[in-house]
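>>> Dropping the sequence and predicted coords here.
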Number of protein chains: 2
Amino acid sequence: MAYEAPVEDMAFALKSMARLDRLSGRAFPEFDMELIEPVLEEAGKLASEVLAPLNQPGDEQGAQLTGDGVVAPHGFAEAYRQFVEGGWMGLAAPVEWGGQGLPKVLANAVLELIHGANMSFGLCPMLSLGAIEALVAHGAREQQEKYLPKLITGEWTGTMNLTEPQAGSDVGALKSKAVPNGDGSYAISGQKIYITWGDHDMAENIIHLVLARLPQAPAGSRGISLFVVPKVLVKDDGTLGERNKVQCIGLEKKIGIHASPTCVMEYDGATGWLVGEENKGLACMFTMMNSARLNVGLEGVGVGEAAYQTAYAYAQERKQGKADGVDGPAPILHHADIRRTLTTMRANVMAARSICYACGVAADLAETCEDESEREAARLREELLTPIAKAWATDVGVDVASLGVQIHGGMGFMNETLAAQLYRDARIAPIYEGTNGIQAIDLVGRKLSMAGGRAMEDMIVEVQATARTARETNDPQLVQIADRLAAAADALKEATTWMAEAMKADKEKGLSGATAYLKLAGDVIGGHFLTMGALAGRQESGPLRGRMTALAGFFAETSLAEAPGRVSGITRGGDSFLAESDALFGLA
Amino acid sequence: MAYEAPVEDMAFALKSMARLDRLSGRAFPEFDMELIEPVLEEAGKLASEVLAPLNQPGDEQGAQLTGDGVVAPHGFAEAYRQFVEGGWMGLAAPVEWGGQGLPKVLANAVLELIHGANMSFGLCPMLSLGAIEALVAHGAREQQEKYLPKLITGEWTGTMNLTEPQAGSDVGALKSKAVPNGDGSYAISGQKIYITWGDHDMAENIIHLVLARLPQAPAGSRGISLFVVPKVLVKDDGTLGERNKVQCIGLEKKIGIHASPTCVMEYDGATGWLVGEENKGLACMFTMMNSARLNVGLEGVGVGEAAYQTAYAYAQERKQGKADGVDGPAPILHHADIRRTLTTMRANVMAARSICYACGVAADLAETCEDESEREAARLREELLTPIAKAWATDVGVDVASLGVQIHGGMGFMNETLAAQLYRDARIAPIYEGTNGIQAIDLVGRKLSMAGGRAMEDMIVEVQATARTARETNDPQLVQIADRLAAAADALKEATTWMAEAMKADKEKGLSGATAYLKLAGDVIGGHFLTMGALAGRQESGPLRGRMTALAGFFAETSLAEAPGRVSGITRGGDSFLAESDALFGLA
């Protein structure tokens, strides 16, 4: 049950849905549209030949905490060495620091492949990427010189240290302390939990980015600063010096991603250096989090794709019951119900992929457009799509993984089945990097009000334009899709108007519909990209054409057709439980 | 995080939704409406005080296969002894064989409690119930005398042995053999897999009901016979004799229900006796399966209730962020998004519970109504609701367990959290006793065509009547619910008409919408019962009144409001993937 890189679908989504071509001619000197397939194919080899075979053994063995720190499962260190040698870490990093300067969305796509093959493994470079971004954006020059080259080759890895037992979604409640040492460095003390790949034996150094409070810092989120704290101190000549006073003191036992160590980290006067300004740590952390959120969305896509592939393979092999034209027991793929399930999986994965890539393209445009208004529009799009990419795609990951289990029948409940592992692994993605509830609150609370509501307005205008284009083909299949899409866009518009108003007039009521609103937005925007795919598919020959029409058609008659009926769940769903919070929850 | 029996909700669902009062005056000499609460409370004590504390330890330790057979986790044997002493096994069994002759729906409700407290444990009596039913319905008098009394006290337990590696959903493909010994007994040989509680140390004997083929039996499902095969042979005087030639040769490693041994059973010429007629084993097995399917539905309810309770408790304790009127960090229950999630969980659990109980009441009526047309109507209702109870309620179980994990945030992904265990445990229920896909096919393929389509027709008429009653209250909240319910009933009617036609004219197309049809039917029927609950709640004082209105109101604005938009997913969802099965799946 090998994972195969879905290069055709990915390249198609990048080009025809996310419109990666808009990056041509921007500040990516090395980029060329012809690069897309070769990059994906090369990364796909690493994913399917090196990382996928370690996925189930890694799950079974798990990461181990020894007297000597954390040890990754067998084979992971060697696989990581190959990842480093391939230069994958620096794909989209600045050329100045040794990166290849390609669009970040390509790095996002490569990470999707890695997550699909081995989500536990993928988390390590994902966290490094965040550290790289934070240092590129906010690090002092000497910090950049000291850490970026090795992070970008991948020789060193990076982590994000936010959460403390009392400070999860509410990062502002954290208590870790940073006391000036008088030499420009700080002594960092405190305990951090849920630190992904917080320690391991795959790299000689780990660069921790840590949120802590300076003495006399204001309370809450305005008193948080960001520090860089290497596991091993780095001398001025770049060689490694003393071991810093930070260690992993425990590993969590989790439902899934067993090969990825989730560490309790103890900082005991560890030496660190301030990144960016004092008390502006949260803003710096958001730099890492935006990109991390998109990459977590792509975990949903990667795991969803893997779940699809393994379910499809199983449905071809497993024989039960009879089918027309088949002698003896027929592969269950012949049963219409199984094909419906597989189509549900594939359509949702493709929709999630397209939302994530579109978010990635917008992020690249926001950094490289020369025209200010284009840049601003791209930034708005990136900001709008980030919570949707994170939450909608990770919910798809969980749902699709569950459908994958279902196709396997009893086998799907057995630990030895990849489907079972994917069901367990996928479940973390809606939780970390800001729970999906937090994403929904971000969407309705911050993103809808940006630039006077323009971000979602512009998006809906584009959805409507796609529906018009589809209708103008006069192709009956596309006209049918167009009708569903147009009605869904109207529903989203109605819900958006209501939500923008509610968030001003009665915030609690608005928030009571936030998650349902995000779901609707994801459905409509996902349907928009699938429709673009069906339109572009008309230029293709071979199965791609039929596939894209079928996926868009299926999604239109299911998720899009349900969209108008979802508005009341947003606008009126909260009425009952807000009014009856006493009877329901004993809340006065 | 103790499980507490939700006696108020359960009794309300039994009385005001499932209308248990219709069983008064039937052939249940011992039954009295006043018994409901005391029975649930007493069973609730066993559940919360004895079984719930063993749930997480049992998950961690798991059942073990030793040289001496399977050993249940610590404490299970003693808990089972208390279960037997309480007389719980015989609650609804015939008085003739030592049972208490109460309505079966009460036993269903008790099993819900047991599953909620400890699903692994609950599977053992659930399987015994199936064995009891099969022997009551199809056993020869001497078989009944030999096995029923001890099964009904619970001193012995029972199993169902259907599945073989090549014969899962397609039971007809099984190969186990039964060769006559010449003395009226048979030598049973073959391997059975996924046998729940197939061996254990909690009872001195285990009565296996086993499907196998007689020599020269016809191929397929028409050549299957049912046999009773005790683990230890029972002498004519009722004492135990020799060990039979059947043993557990392996335990499956599963995602969840670790405390419940899932056995590979080896029958090596084991002595068995034919139950019912030759080659009619499948029909006999269906007796067990109907009741087992309903009880599996109640696993979804029980686990969903447990997930709700643990999430609610966590939301009261866990403090993150601020809320109006709360000093310092507020319990996350104050966040509207959390309350929405909890309301979603509770409304769906209550809807699932009511569908299951209504199915149970119908089953009891089908056995005890004196009037033939009433009996027939009840049988149709039972047949109609069985696949919906099984599939809709177990999907709810998985979804609600997943929402419970989400409310726990990072903690929900940790193995030590009950929420995590429930997420893993819940996942089997949509798979066994006929996958939910099989249930959907049963619903559209067999149940819709019974008695010329009357079963669903009558159901829809009742839904419409409930909507009318709610509208006639002139209470604005109920009128709003009534409008949603009426529109949803219309949607179900439209889909039903289409489906009945499609199953005649183009079966594959019908089957392509089966799962979506079952989901719609469950939503509408669940909404019908919740509306009945809101109506009956008007007679109540205290929180129950507000709670029932709120749950019905929320469900109406979400699931019911979406119903009309779901019709096209049934009627047109299949078009795309059936037409493009080549492009999508390489199927010509």
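Received, thanks. Numbers count the residues shown, from 1 in each chain, chains lettered A, B, ... in the order given.

>>> and stretch A:552-566, average pLDDT?
Averaged across stretch A:552-566, pLDDT comes to 98.

>>> again, but for stretch A:501-518
The model assigns stretch A:501-518 a mean pLDDT of 97.

>>> and the end-to-end length of it?
Stretch A:501-518 has an end-to-end distance of 16 Å (Cα to Cα, to the nearest Å).

>>> Contacts for it next, please.
A:387-388, A:391-392, A:436-437, A:439-441, A:443-445, A:448-449, A:495-496, A:499, A:566, A:569-571, A:573-575, A:577-578, B:335-337, B:339-341, B:558 (Cβ atoms under 8 Å, 6 or more residues apart in numbering or on different chains). Every residue, glycine included, has its C-beta placed from N, CA and C.

>>> how many other residues sit next to A:V179?
For A:V179, the neighbour count with other Cβ atoms under 10 Å in any protein chain shown is 14.

>>> Hmm, it is touching A:R213, no?
No: with contact defined as Cβ atoms under 8 Å, A:V179 does not reach A:R213; the gap is 9.8 Å.

>>> Of the contacts of stretch A:501-518, select the buried ones using a PyMOL command.
The buried subset of these, as determined by 16 or more other Cβ atoms under 10 Å in any protein chain shown, is captured in PyMOL by this line:
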select buried, (chain A and resi 387+388+391+392+436+437+439+440+441+443+444+445+448+449+495+496+499+566+569+570+571+573+574+575+577+578) or (chain B and resi 335+336+337+339+340+341+558)
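
>>> what does the stretch 351-500 of chain A have sitting close to chain B?
Proximity of the stretch 351-500 of chain A to chain B (Cβ under 8 Å from any Cβ of the partner chain) is limited to residues A:398, A:402, A:405-406, A:409-410, A:412-416, A:420, A:423-424, A:427-428, A:430-432, A:435-437, A:440-441.

>>> picking that back up, the contacts of stretch A:501-518 in helices, which ones?
Using DSSP state H, the subset of the contacts of stretch A:501-518 located in helices is A:387-388, A:391-392, A:436-437, A:439-441, A:495-496, A:499, A:566, A:569-571, A:573-575, A:577-578, B:336-337, B:339-341.

>>> per-residue confidence at A:G168?
A:G168 carries a pLDDT value of 89.

>>> which residues touch the residue nearest to it when sequence neighbours are not counted?
Nearest non-adjacent residue to A:G168, counting by Cβ to Cβ, 6 or more residues apart in numbering or on different chains: B:G409, 5.5 Å away. By Cβ under 8 Å, 6+ apart, B:G409 lies in contact with A:G168, A:S169, A:I431, A:T435, B:R318.

>>> what's around the closest residue to the last one other than its chain neighbours, how many residues?
Taking Cβ to Cβ, 6+ apart, and ignoring the residues beside it in sequence, B:R318 has B:I332 as its nearest neighbour in space, at 5.1 Å. Summarising burial for B:I332: neighbours were counted as other Cβ under 10 Å, giving 25.

>>> just checking, B:I332 touches B:A313?
No: checked against Cβ under 8 Å, the pair B:I332 and B:A313 is beyond contact range at 11.6 Å.
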